[in-house]
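Enquirer: predicted model and sequence follow; I will ask about them next.
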Amino acid sequence: MKVKGIIALLLALVTVMVCPAQISAAEDAVHRTKDSALASVGYDIGIVEEYVEDIDAFKEYIVSEVMAFNEDIFIGDYNLPMEEDLYTAIAYYLCKGITDVFHVGSVGFTIIDDKLTQMNVQYLYTKEEADKMYAQCEAVAKELTEDIIAAEHLTEAEKALLLHDRLALVCNYDKKLEHNNKFDIYGALVEGYAVCEGYTNAYIYLLEKVGIRSEVCSSDELKHSWNIVYIDDVPYHVDVTWDDVIGLAGEVYHDNFLLSTEALYNGDSELFENGHTASDYNTSPQDTTYDNYFWRRSYSPFQLLHGELYYIDSTRCTINKYSAEGNEELYRMRTRWNKYWNLYGRLSTDGEDLFYNTNRSVVHFDEEMLIATDVFTPEEVDSAGMEIYGFEYKDGRFICDLSATNNYFNNDAVVIRVDKLYEKENVGDIILVPSSIKLISPFEVIYCPVGSSINPEHMQLEVNYNNGSQKLVTSEDFTLGEFDSSSSGTKSVSITWEGFTTSFDVHVYVQGDANGDGKISVADATTIQKYVASIIELNDIQKAAGEVTGDNRLTVGDATKIQKYIAGIVQELV
C-alpha cells in the first residue's frame, strides 16, 4: 500500500478556508441598501450520504472528535473517495456548518490510495480557552431563555418573537468588520457584534433552547443569510439582521419576522427599498398568516414580565398587553418628537418593572395601576435641545441615545449616548395620593344638538399624583354629570372620579341653526350658501348645526333642505 501524499487543505487551499475571513461582509444590508460582499454560505454535508449508510452517525462521530479537541481524526473505515466536493463539504461543515461550534480553524486530509483516511484538524483556541468561551455562550443563552422556558403558556410564535427581539438587543451589526468572531454565536452573544451569519447561527442556537426548529437560509445573489423557523411545523422566514440595522438602544423592527416567501421577496419595510429579491434561496415558507401581523407596528422589543407580554404600538402610541386571545390597550403615550409624528418610544424592563421613554424622559410604568412616573431626564434634553430616540435598561443602568433629528441613521447626524445608574428609590415606595384630574379629549370643542347627549367613549381623565406620576382613566371608571340639553347654549358638565371633580363645556346647538343665533331662518340657508361659495368660514359647531341631510358634508343641499323646512315642505330637518 503506497501513501500517495498528505494534502494539508488548510481550507485556504480548498478556499473554503472556511475560516471567518472568507465569509466576510463589508456592508450586509445596512441602511436602505442590500449591497454586500458576503461570500457564498457554503457546501452541503449531505453529499456524504452517497458514501455512508448513516450520515447522522458520521456527523456525530466527527463532531464528538472535534469537541474532544483531537487533532487527528481517523475516517478510513468510511471508505470516502478523494473528491474535492466531498472533502470540501466535510471541511466546511466542521469549520462553519455547525451552529454552536466555532473553535475549528482548518481541516486537512491524509489520502491513502485515493481514499480519505484521516482528518487533520487545527484549532483556533486551546481546549481551556474554548471551554470558557462556550460556557460564556451558555450563560448568555440561559439569561435570554430562562424565563421563556418557565412561561409554559407561551406559543412557539411568542417564544420566537421574544428571542428575535432579545438577540437584536444583545447583538450589534459589525459594520466595520472589526471582530474575529463576527460569524459565530460567541461574537453575537458574548462580544455583541456579528454579521448576518453570526445573527443566523445565534438565533438557531437560542431557538433550540426553547424547542423550536430552525435552519439557515442563504442567498449567493444577496450575499446574505437568515433563518427559516418552524412554528408548529410550518416554515417562515426570519431575518434578525435586517430588523436590527440602526443600532440605537432598544430599537427593534419586526418587518422580517415570520414571513412567507412572497412577503420576504417583495418587502415592505421601513428601512429597505426592496425585499429579499433573489432567485437562489429556499422558498418553502408559503404560509401568509403573519405577513401583516400587528407586531409590524412596533419598533420596540416585546417584553415578558411576570408571565405577561407587553409592547409598544408605535403607530397608535400605546402600551399594550398581548396574549393569544388578543391585545389590551393599557396606556396612551401623549408625546411627540419635535415636529415628527413618529413615535420613538422604546419599552424595556429590569425584570421587575417596565420602563419606556418619551422624547424627554425615562418613565417608570406600573402595568397594574397604569401609572407613569418620570424617573430620569438627560441634561442634554434641555441644555442641547436633544431628544431621546433610543432607550434601554441594561445591567442596572438606563441607556439613552439622543439626537436633535429623527434622521439619526444619517452618517452626518449627531447621536450621543447617555447612561444613568438606576436607583430604585427614584420610583420609591411612597403612598400615592391623587392631587388633581384633567379631562383629555380628542376633540378641541365638545358639542351636541339640542335634546341629545354626549358619548364619553373617547374621553380620558389624566390623574396627577403627589409624586409627579400620572395615570389615564377611561370612561368606564369615571362618572359624567347630567346637563340640560333642551335648549341651545354653552353648558357645564361635571366629571367625577374617586371624590375628585372637574368640568368641561359642552356647546348645545339647534340643528339647522348654521349662523348660531338660536333659531332657524332663511339666514341659516344663506350662511351655508356663502360658506359653500368660500365667501365666509364657519366653525365646527356651525358646520355640525348646518348639516341636515345626513351625508356628513355641508353643501347647497343642506341650505335647500332648511329652506324647504321653513316653507313647510318638509316637517323635520333630521
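Expert: Sure thing, it's come through.
Enquirer: from memory Phe478 sits against Ile495, does it?
Expert: Yes - with contact defined as CB atoms under 8 Å, Phe478 counts as touching Ile495 (5.4 Å). To be clear about C-beta, it is placed using only N, CA and C from the backbone, and glycine gets the same treatment.
Enquirer: Leu330 should be in a strand, yeah?
Expert: Yes - using DSSP: H, G, I helix; E, B strand; the rest coil, the assignment for Leu330 is a strand.
Enquirer: residues near it, how many?
Expert: By other CB atoms under 10 Å, 16 other residues sit near Leu330.
Enquirer: which ones are touching it?
Expert: 310, 318-321, 367, 370 (CB atoms under 8 Å, 6 or more residues apart in numbering).
Enquirer: ok so, going back, list the residues that contact both of Phe478 and Ile495?
Expert: With CB under 8 Å, 6+ apart as the test, Phe478 and Ile495 both reach Leu461.
Enquirer: after the lengthiest helix in the chain, which helix or strand is next?
Expert: For the chain, the helix with the greatest residue count under DSSP state H is helix 127-150. Moving toward the C-terminus from helix 127-150, the next helix or strand (DSSP states H and E) is helix 156-170.
Enquirer: partners of the next helix-or-strand element following that next one in the sheet?
Expert: Downstream of helix 156-170, the first helix or strand assigned by DSSP H and E is strand 172-173. Strand pairing for strand 172-173, using DSSP bridges, gives strand 193-194 (parallel).
Enquirer: which intervals of this protein have sub-threshold pLDDT?
Expert: 1-43, 268-274, 339-342, 408-413, 424-433, 442, 466-468 (pLDDT under 70).
Enquirer: wait, what's in contact with Tyr290?
Expert: 157, 236, 257-259.
Enquirer: again, 6 Å this time
Expert: Leu258 (CB atoms under 6 Å, 6 or more residues apart in numbering).
Enquirer: wait, a helix at it?
Expert: No - Tyr290: not assigned to a helix; according to three-state DSSP it is coil.
Enquirer: distance of it relative to Val229?
Expert: For Tyr290, the distance to Val229 equals 11 Å [CB to CB, to the nearest Å].
Enquirer: before we move on, what about Thr200?
Expert: Thr200 is 11 Å from Val229, by CB to CB.
Enquirer: what about these two, which has more around it?
Expert: Legend: neighbour count by other CB under 10 Å for Thr200 and Val229, higher for Thr200 (30 against 26).
Enquirer: for the spatially closest residue to that one that is not a sequence neighbour, what is the enclosing helix or strand?
Expert: Excluding its sequence neighbours, the residue lying closest to Thr200 (CB to CB, 6 or more residues apart in numbering) is Ser225, at 4.9 Å. Using DSSP H and E, Ser225 falls within strand 224-231.
Enquirer: that strand to helix 156-170, inter-axis angle?
Expert: If you take axes from the mean of the first three to the mean of the last three CA atoms, to 10 degrees, strand 224-231 sits at 150 degrees to helix 156-170.
Enquirer: ok, strand 224-231: who's next to it in the sheet?
Expert: strand 214-219 (antiparallel), strand 234-238 (antiparallel).
Enquirer: what's next to the first one, contact-wise?
Expert: Applying CB under 6 Å, 6+ apart, the external contacts of strand 214-219 come out as 41, 200, 204, 207, 225-229, 278, 280-282.
Enquirer: show me just the buried residues among the residues you listed.
Expert: The neighbour count (16 or more other CB atoms under 10 Å) marks 41, 200, 204, 207, 225-229, 281 as buried among the contacts of strand 214-219.
Enquirer: can you lay out these as JSON lines showing distance to Glu572?
Expert: Formatted as JSON lines, the buried ones among the contacts of strand 214-219 follow (distance: CB to CB, whole Å):
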{"residue": "Val41", "distance to Glu572": "74"}
{"residue": "Thr200", "distance to Glu572": "69"}
{"residue": "Ile204", "distance to Glu572": "70"}
{"residue": "Leu207", "distance to Glu572": "66"}
{"residue": "Ser225", "distance to Glu572": "70"}
{"residue": "Trp226", "distance to Glu572": "64"}
{"residue": "Asn227", "distance to Glu572": "65"}
{"residue": "Ile228", "distance to Glu572": "64"}
{"residue": "Val229", "distance to Glu572": "62"}
{"residue": "Tyr281", "distance to Glu572": "66"}
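Enquirer: of the residues you listed, which is the nearest to Tyr51?
Expert: Taking CB to CB as the measure, Tyr51 lies nearest Val41 of these, at 23.0 Å.
Enquirer: buried sites along the longest helix of the chain?
Expert: 130, 133-134, 137, 140-141, 144-145, 148.
Enquirer: tilt between it and helix 156-170?
Expert: 130 degrees.
Enquirer: which elements pack onto helix 127-150?
Expert: helix 156-170, helix 196-209 (3 or more CB pairs under 6 Å, 6 or more residues apart in numbering; DSSP states H and E).
Enquirer: that one: how far from the chain's middle?
Expert: 24 Å (CA atoms, centre = their mean, to the nearest Å).
Enquirer: what angle separates it from helix 196-209?
Expert: 60 degrees.
Enquirer: how about residues contacting helix 127-150?
Expert: 69, 103, 159, 162, 166, 185-186, 189-190, 206, 209-210, 304.
Enquirer: most neighbours among these, which one?
Expert: Ile185 (30 neighbours).
Enquirer: need the contact list for that residue.
Expert: 100, 137, 201-202, 205.
Enquirer: which of the residues you listed lies closest to Met119?
Expert: Asp100 (19.6 Å).
Enquirer: ok, the closest one touching Tyr205?
Expert: Yes - with contact defined as CB atoms under 6 Å, Asp100 counts as touching Tyr205 (5.2 Å).
Enquirer: more neighbours: these two, which one.
Expert: Tyr205 (23 against 17).
Enquirer: who does the nearest residue to Ile416 once chain neighbours are set aside form a beta bridge with?
Expert: The shortest distance from Ile416 to any non-neighbouring residue, by CB to CB, 6+ apart, is to Leu402 (5.3 Å). Assessed by DSSP bridges, Leu402 has beta-bridge partners Ile388, Ile416.
Enquirer: tell me who's in contact with Leu402.
Expert: For Leu402, the contact set (CB under 6 Å, 6+ apart) comprises 380, 386, 388, 416.
Enquirer: right, and the second one touches Asn406 too?
Expert: No - using CB under 6 Å, Met386 makes no contact with Asn406, being 11.7 Å away.
Enquirer: having no further points to raise, I will conclude here.
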